[in-house]
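okay, here's the prediction I keep looking at, along with the sequence it came from:
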Amino acid sequence: QLDERANRLSRAILHHAPAAELVGVSATRGLEMVISLLAILKAGKAYLPLDLAHPPQRLHQLVESSGVAICLATSAEEVGFAEFGITVIAAEKEYDYPAQAVTAPSEMVCVLYTSGSTGQPKGVCLGHAGLSKLLRWQLQNSVIGLGVNVLQFCYLGFDVSFLEIFGALAGGGTLYLLEEDCRADAGRLLDFLIDKQIAWAFLPYVALQYLTEAAAAEERYPSSLRELLTGGETLKITPQITHFFSALPHCRLSNGYGPTEASVYVACNKLASDVLSWPALPPIGRPIADSEVLILNEQGELAGEGTIGELCIVGECLALGYLHQPALTAEKFSVYAHPQRGPLRLYHTGDLARYLPTGELEFQGRLDQQVKIRGNRVELGEIEVALARCAGVQQAVVLAREGKVGSAKVLVAYIVAHPETEVAALRATLEQQLPDYMLPAHFVQLAELPKTPSGKVDRQALPSPARERPATVPYRQPATSFEKVVVELWASLLEYNQIGADDNFFELGGNSLLAQKTVALLKQH
């Protein structure tokens, strides 16, 4: 039935958009999303995830940059996409168009947009060769197989969603689409894993940490789980994670690494079954699926074992390039003259790493201002550009600061602005342009930015944000027992000495994941 519906929808695509190479697909979670992905690929097209929940300006950027004109979505979403000049083919309808031959199938499978340092997101074009190799590796090296229950956790625009969806379908597994509200509540996620008997799942590090905290608090564990893959940001082995996997001796934790430009993953570390032997910061493992990782020094030469250098990737796993950006493609995907093997197409990740004596790779940070926030790749420069465009802002610098152990990094915006500029107004403006994970948690207003002797901004000298509640909101002491509990939880999570009953959670630096954690903790009271 799934295949038949996808076939009918693919014929509708060929009827309405025979010349289109790229077709949008609504990122709204549901059966129609999966059918749409299959239909687009059957029609020889590539898919572009589009999410009406994104800020309008952000969605407009993606539509304008990609040139996409048609989208598969539900009839209920037709009006929303029409505002961006996109024609909708209703994915839930049954069409009866005649079959057509696919004459010129696209080299691309999909285009996934990531943050760009210039203020404009960039579309990564992923091809069939790299993703096919990834799927083969996944099916040969994981528990996914016939009848295995697989969790679909990730947003469709996040590259791991391909592995979740097509890994389950190609392996004969059963794909369980997680409801959006379950993603935002660790307790409900735990319920879902247990109720649906999930055996394989991917969770970003912060979501994994919150899940392990919820499991420990409730003393319940998803015994069906056999493999959990994490990635997107540095994995830290906390006491909660150790306790969680000690309670699930048949479940293995794998730490994956890879930029979108290298077809999701290029390295993986399946941690030992002895949980107590895990290091606090596990390596990112060895290259997978015929991928190859080179560590190059500042001179562009191969670095020796143990020497830190830029992590560069070669092989069929590499993306085709950036959509409509040939100059950027040429810059990031260069030709490397290998001393033994001659010219190789190579991608510069901007990540620092080294090879350990074990042959494993150890992540050592970034060369530039790119960071991972809640598993999402973020160029700090893109946020700085958005801030600089705000009324009243003269200068802006954004840093990602480490939070408490087990918590996500926190974005802090440092601004030099007109005295009458209000933080609430800046936040409201950014909310119209940037996704939730790119919004600064704290705004620090300075008379001037500190400078190095050479005149550049001295980022090391920027102060930590003061944990003081906004003076613009009159302080009201919590009056009820419930208000007291909420205020105490907020103060602990947001690291404030004092919070008032009328304070705004998000203006204090809260975000959707911390809101999720608040809900989970409230349930324990």
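Cool, the structure landed.

alpha carbons only for contacts and neighbour counts from here, please
OK.

what stretches of the stretch 51-200 of the chain score poorly on pLDDT?
117-118 (pLDDT under 70).

show me where it has its helices.
In the stretch 51-200 of the chain, the helices defined using DSSP state H, counting those that start in this stretch lie at 56-66, 78-82, 128-141, 160-171, 180-183, 186-195.

kindly state which of those is positioned closest to Leu229.
helix 160-171 (10.1 Å; Cα to Cα).

buried ones in that closest one?
160-169, 171 (16 or more other Cα atoms under 10 Å).

ok, now stretch 509-519?
In stretch 509-519, counting by 16+ other Cα under 10 Å, buried: 509-511, 513-519.

with just CA atoms, put it into CSV.
Extracted as CSV, the C-alpha positions of stretch 509-519 are listed here (Å, rounded to 0.1, in the frame of the first residue of the first chain):
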residue,chain,number,x,y,z
GLY,A,509,17.8,32.3,28.6
GLY,A,510,15.4,29.4,28.4
ASN,A,511,14.8,27.4,25.3
SER,A,512,12.6,24.5,24.1
LEU,A,513,14.9,21.8,25.4
LEU,A,514,15.1,23.4,28.9
ALA,A,515,11.3,23.8,28.8
GLN,A,516,11.2,20.1,28.1
LYS,A,517,13.4,19.4,31.1
THR,A,518,11.3,21.7,33.3
VAL,A,519,8.2,19.7,32.4
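
what about Leu126, how many neighbours?
The number of residues packed near Leu126 is 28, by other Cα atoms under 10 Å.

ok, now which ones touch it?
Contacts of Leu126 were listed using Cα atoms under 8 Å, 6 or more residues apart in numbering, and they are 108-112, 261, 263, 318-321.

so what strands line up beside the longest strand seen in the chain?
Counting by DSSP state E, the longest strand found in the chain is strand 342-355. The strands beside strand 342-355 in its sheet (DSSP bridges) come out as strand 309-314 (antiparallel), strand 333-338 (antiparallel), strand 361-366 (antiparallel).

point out the most buried one among those.
strand 309-314 (a mean of 23; mean count of other Cα atoms under 10 Å).

ok, back up a step: need the strands paired with strand 342-355 in TSV (columns: mean pLDDT and distance to Leu294).
Output for those, formatted as TSV (pLDDT from 0 to 100; distance: least, Cα to Cα, whole Å):
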stretch	mean pLDDT	distance to Leu294
strand 309-314	95	5
strand 333-338	93	10
strand 361-366	87	10
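
among those strands, which comes closest to Ser65?
Checking those against Ser65 by Cα to Cα gives strand 333-338 as the closest, at 20.2 Å.

identify the residues contacting that closest one?
321, 342-348.

show me which of those are buried.
321, 346-348.

return the member of those residues nearest to Pro283.
His348 (19.8 Å).

pretty sure that closest one contacts Ile313?
Yes: applying Cα atoms under 8 Å, one finds His348 in contact with Ile313, separated by 6.9 Å.

farthest pair in the buried ones among the contacts of strand 333-338?
The widest separation within those (Cα to Cα) is 12.3 Å, between Gly321 and His348.

now Arg401: closest residue in space, sequence neighbours ignored.
Nearest residue to Arg401 in three dimensions, chain neighbours excluded: Val410, at 5.1 Å (Cα to Cα, 6 or more residues apart in numbering).
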